[in-house]
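Quick one: sequence and predicted model below, then my questions.
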Amino acid sequence: MKKQITLISALLLYGGTMGNLASTYAANPPQFVSKSETTEIVKGTVVDSQGEPIIGASVAEQGTTRGTVTDLNGNFSFKAGTNAKLTISFLGYKTVTVKASNGMKIKLTEDNALLDEVVVVGYGQQKKVNLTGAVANVDLDKTLGSRPEQDVTKALQGSVPGLTILNSSGDLDGTPSITIRGLGTLSNGQKSSPLIVVDGVPVDDLSMINGNDIASISVLKDAASSAIYGSRAAFGVILITTKQGKRGDKVSVKYDGKFGWDSSTYLPDYPDVPTQLNAAIAAKARAGSGSVELFGMYFDKLLPYAEKWKAQHSGRKGYSAMEPWQSDSNVGDYAFVNGQPMYYADYDIQKIWYNNAAPSQSHNISLSGSSGRTNFYASYGYSSKQDIMKFNPGIRDKYNATVNINTDITDWLSAGVRVNYTHRKMGRADTYNNIYQYLWRWGSFFIPSGYMQSEDGTINDYRVVALQKQAARQYIFHDQMSLNAYIKANITKDLTLNADYTYNVENFNFKSSDHSVYGMNWSGTSPTYIVQPTASSATRWNTKKTRWAANAYLNYTHSWNDAHNLNVMVGINGENYKSDYFYVNRTQLYDENYPEINLAYGDLKKATLDSSTGDRASAGYFGRINYDYKGIYLLELNGRYDGSSRFPNGDKWAFFPSISAGYRFTEEPYWQDLHKYISSGKLRFSYGEIGNEAVGDWMFISTMSPYSESKITWLNSAGTKVTQFAIPSWVSSTLTWERIHTLDAGIDLSFLNGDLNLTADWFQRSTTNMLAPGTALPASVGAAAPYTNAGELRSRGWELSLSYRKQLNKDLGVYANFSISDSKVKVQKWNNNSKVIGYTGGIVGDNNAKTYAYAGENWGDIWGFETERYFTENDFDGKNADGSWKYKSGVASQVGIQTDNFVYGPGDIKFKDLNGDGVIDGGKGTADDHGDLKVIGNTLPRYEYSFHLGGNYKGFDLDLFFQGVGKRDMWTKSAFAFPEMRAADLAIYANQTKYNVYDPTGKNTNISESNDFPCLYPGNEGSGNVSGLAPIGGEHNYYPQTKYLVNMAYLRLKNITLGYTMPASLSKKFYIQKLRVYGSVDNLCLLYKGSGNLPVDPEMNEGQGSLSYGTWGRTYPITRTWSVGLQVTF
């Protein structure tokens, strides 16, 4: 483990060994050496406290420029003066000075206060002990080292407190959302994503980065640490540096490969077919329907066949031949009743359609080292992943190539280049959006998943299987090329100049087509050969994005009187971004085997054409001053004068300052006797302001758009339609920056000589001048008020992290760490005096802020009723003449919230009368008059936590990673949550079989609080008629309420990894410096699932498909991945 720590530490040091040498020389300036001085070869070995060799340790002769670094065995050899004194240093270990002797063995002891000493910050590095802002380092070995996750974004989930990664689904092409310290703005689609910077250059998509190329990741959380990057860093920064070779290193080749197999974590399931049919019949009967029918299949006629099929089969039917009815003793899988085909076989949807071992793999090889004045790093990576559909699965392939070269042109000037290319190809069936919908929409009997034989003996898949198997492939090609050049000039001993330029180009190409599908379908009284669809088409779209970025900055460092340390940095930054997009679709292909636009002959007037361009520029002047007195009193000042093209003249530029301070109280003389209790401690405080330019492009310019031809009503004298334009919307010509003010107070403590460490932060972030609706205009104006800088949002929270690491002896080491964070978001100011209740959370996204935000609202609040219990007959005095139930005295009436033919009665939901007026309602549907409604939950995640447990023993290493959310709520209209939710689907799932039954005769009545659901009724996805709840959705027994609020809290064993590293003494016999094998599992199991038996993974946040009702869960499932891997260093 020690050796692994030293390897990781070496990678995290930019300039590595040379940085150590430079530090040594700075502390001990080189003196003139006489040419007559005698020298001799000095050899030795540098080891740690356990006797393990330290690789890359700096060995320097005091007073000279002579020195070297240790090799892979910890050995060194160089010429030194007679009786020389040597200084030996390495990151994370105490520096020692010894007298030179041949064959010497130097043991370095750990200085835990220096582990992870260097932290990458904006335009530089700082010692961790001197940081005054809120900055967290990601442990790359645990986060990326051995996990099968190929997406860096997903791998970062739970890595540091305050960093929220939300997976919407397990889609191969899915993009998780990223926020730091929660929601930051309600404007521009609530985009609160942090800026991602790789080697000083902003990037948009972390998934395009090869995780094996990453040397360090820092998360900058407050304005004091991120303001240096300007307006795009309004909500924090994820700062990534890539690997480079180090001066003095021998050439090293590394290979890292893994193979994995995916399966779903959770899938829904159906009960047996008779149970499905009986539930639908009962629900429809209550709604007054005399029969239940789907596409000509009447359930009362279907039921006897289904019951006989169940009796004649020991289990569900897999993918096999569909057999016709022969007799009552051999009912087959389908039959004809009055010429109508009836399906009643119980198909095993999970087994037929989903792959439990979808393959994935990744391979990475890298070459690094140095030659003379030049060091280099080059890598090539390939990864592939297949989705878990059995038929026509999607496949994603990604290729990465990286070259980083740095050379010292002279003793004072160095230069380098970085080149990165990524190609990603995604191919899948063009039905992927809807296949998950239909598999889980109507029932296991309704989608026959087998094959049939035609009259000529040809075997053909039945319709749904054929549609998926033969679906046209859609392809998305994503290419990204980044070219970066930089120089560093040491102008004087204290003054350096850095400059870099980056050009980045991205290209997206999409192609798909529709073509005929051949299979079996019903026609008349027998299955026939069909072709579907009849219309063919080809679609193409392309997006090209280009960006250049340039930075130049001076850095001045000076210390005096062994007490005062000053670092001043000033610089300039510029960036330009352009995009170009076009889309075209044309129908009727000459040949379906060649789906090209120029080979389609459909009417051009009906072809779809679209295009757009984008252009944005920003610039800034920035500066930072760091001062400390003896490393005890710390002060940092930041300032940036930012400019953006997104604002009108006069408002393009603004200045944003920040300040932070720290106090290392354990370095005071009065603390010397207390180090045995707290070995290191620091208090931190920061306050700052950042501008946010993310308000959309050209919003200050009033524009007009032409009507489509179908909406044009004016004709000229020749009878030809005249082009018409819509009335331009009102805009504000004074739009300006949103301003984000952050306040942070923190403490860093270290105990047990650095083995135990604690970091805690409290923060507040206020977004002012937020884009919001302006004051309402008089109705006579005929237009809505334009958006102005009129809103204000505040988030407030805390973070805590605790870590422990101890090497107990040479063979055994253990570690544990825990982190947790929480925040709440409140609307402070908004132009909405009505305070109308609405849904400001949403499971996919939300554009309702304009209508439903109001001052004083906790963002994400869900309003609903408090569920009291089920109604029983004792709540009523019989029925009225119209058949409705007559409420007893003292029982609050729910008649006013009934809709359609639904009437509350025994076995239905009884809501609590919170205001005691004897009537259940939502008042006026406002925050001030909400009747019996209350806030029942909140959609934003709370108490996000994670912890690692692990250790090493004689070459074996084990890591357990747990991750979870303590509180998160969701209201959904999904059919997975409620039986018979949609009248057109009539679906019931395996988790929905315990429901109330009311029989007026009393024979079959089953009303019990232990039942999961009330009496069945079909179609509950409507808006109802409760003021305030219509935007949320759900009615009848399923108005938003406490009983059926989905608890999205969970605790997951996110990853478990077990590895073994071969002893170096053995591996070197095969010319291998290091060999490690490992097994790893992602998403192994849930230790707690707040949603109980709901068949949806708690990390799922969306539904797919073209249907507009509650489709939560009907999408690509979250997956579990088993993997094995090999890591070799030559």
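Here it is on my side, so go on.

got the buried residues for stretch 627-636?
Of the residues in stretch 627-636, 628, 632, 634, 636 count as buried by neighbour count, 16 or more other CB atoms under 10 Å. Just so you know, the C-beta spots here come from the backbone N, C-alpha and C atoms, and that holds for glycine as well.

Starting from residue 106, give me the distance back to the last one.
Taken as CB to CB, to the nearest Å, the spacing of residue 636 relative to residue 106 amounts to 36 Å.

what's the answer for the third one, then?
Relative to residue 106, residue 634 is positioned 33 Å away (CB to CB).

And the chain, what are its domain boundaries?
With domains defined by automatic domain parsing, the chain comprises 2-110, 118-245, 271-345+432-464, 865-938+971-1046.

deepest of the ones you listed, which one?
domain 118-245 (a mean of 22; mean count of other CB atoms under 10 Å).

quick one: average pLDDT of it?
Across domain 118-245, pLDDT averages out at 88.

Surely residue 620 touches residue 641?
Yes - if you go by CB atoms under 8 Å, residue 620 and residue 641 touch, sitting 6.3 Å apart.

Next secondary structure element downstream of the strand or helix carrying residue 611?
Assigned by DSSP states H and E, residue 611 belongs to strand 608-629. Heading C-terminal from strand 608-629, the first helix or strand you meet, by DSSP H and E, is strand 633-644.

could the domains of the chain be laid out in CSV, adding distance to residue 678?
Formatted as CSV, these follow (distance: least, CB to CB, whole Å):
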stretch, distance to residue 678
domain 2-110, 18
domain 118-245, 14
domain 271-345+432-464, 54
domain 865-938+971-1046, 37
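
Can you check which of those gets nearest to residue 261?
domain 118-245 (9.1 Å; CB to CB).

just how off-centre is that closest one within its chain?
In this view, domain 118-245 has its centroid 11 Å away from the chain centroid, taken as CA atoms, centre = their mean, to the nearest Å.

By average pLDDT, which secondary structure element in the protein comes out worst?
Here the helix or strand of the chain ranked lowest by mean pLDDT, DSSP states H and E is helix 16-27, holding a mean of 36.

next helix or strand past that helix?
strand 39-47.

same for that next one, what does it pack against?
In this structure, strand 39-47 packs against strand 75-81, strand 104-107, with contacts taken as 3 or more CB pairs under 8 Å, 6 or more residues apart in numbering; DSSP states H and E.

Can you tell me which of those strands is nearest to residue 447?
That would be strand 75-81 among the helices and strands packed on strand 39-47, by CB to CB, at 68.5 Å.

for the stretch 351-500 of the chain, what spans make up the helices?
Per DSSP state H, counting those that start in this stretch, the stretch 351-500 of the chain carries helices over the ranges 432-439, 463-469.

Distance from the chain centre to the shortest one, please.
Same thing as helix 463-469. Helix 463-469 sits 32 Å away from the centroid of its parent chain (CA atoms, centre = their mean).

Which residues does stretch 1123-1130 contact?
With CB atoms under 8 Å, 6 or more residues apart in numbering as the test, stretch 1123-1130 has contacts from 146, 148, 252-261, 360, 1071-1082.

mind redoing it with 6 Å?
Here stretch 1123-1130 makes contact (CB atoms under 6 Å, 6 or more residues apart in numbering) with 148, 253-260, 1073-1080.

And stretch 435-447, by the same measure?
268, 270, 273, 276, 343-344, 346-347, 349, 353, 464, 468, 985, 987, 1104-1105, 1114-1115.

so which of the helices and strands packed on strand 39-47 comes closest to residue 475?
The nearest among the helices and strands packed on strand 39-47, by CB to CB, is strand 75-81 at 53.3 Å.

What pairs with that closest one, parallel or antiparallel?
Sheet partners assigned to strand 75-81 using DSSP bridges are listed as strand 39-47 (antiparallel).

Quick check: next helix or strand after the partner strand?
Scanning forward in sequence from strand 39-47 by DSSP H and E, the next helix or strand is strand 58-61.

chain center to that following strand, what's the gap?
45 Å.

ok, now stretch 911-930?
38 Å.

tell me the mean pLDDT for that stretch?
The model assigns stretch 911-930 a mean pLDDT of 95.

Also stretch 302-320?
Per-residue scores along stretch 302-320 average to 94.

again with stretch 697-707
Stretch 697-707 comes out at a mean pLDDT of 72.

With only the CA atoms kept, save that stretch in CSV.
Provided in CSV are the C-alpha atoms of stretch 697-707 (Å, rounded to 0.1, in the frame of the first residue of the first chain):
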residue,chain,number,x,y,z
ASP,A,697,-28.0,34.6,-25.8
TRP,A,698,-29.4,37.8,-27.2
MET,A,699,-32.2,38.1,-24.6
PHE,A,700,-31.9,41.9,-24.6
ILE,A,701,-32.7,42.1,-28.3
SER,A,702,-36.4,42.0,-29.5
THR,A,703,-36.8,39.5,-32.3
MET,A,704,-39.6,38.5,-34.7
SER,A,705,-40.1,35.0,-36.1
PRO,A,706,-42.0,34.1,-39.3
TYR,A,707,-45.2,32.0,-39.1
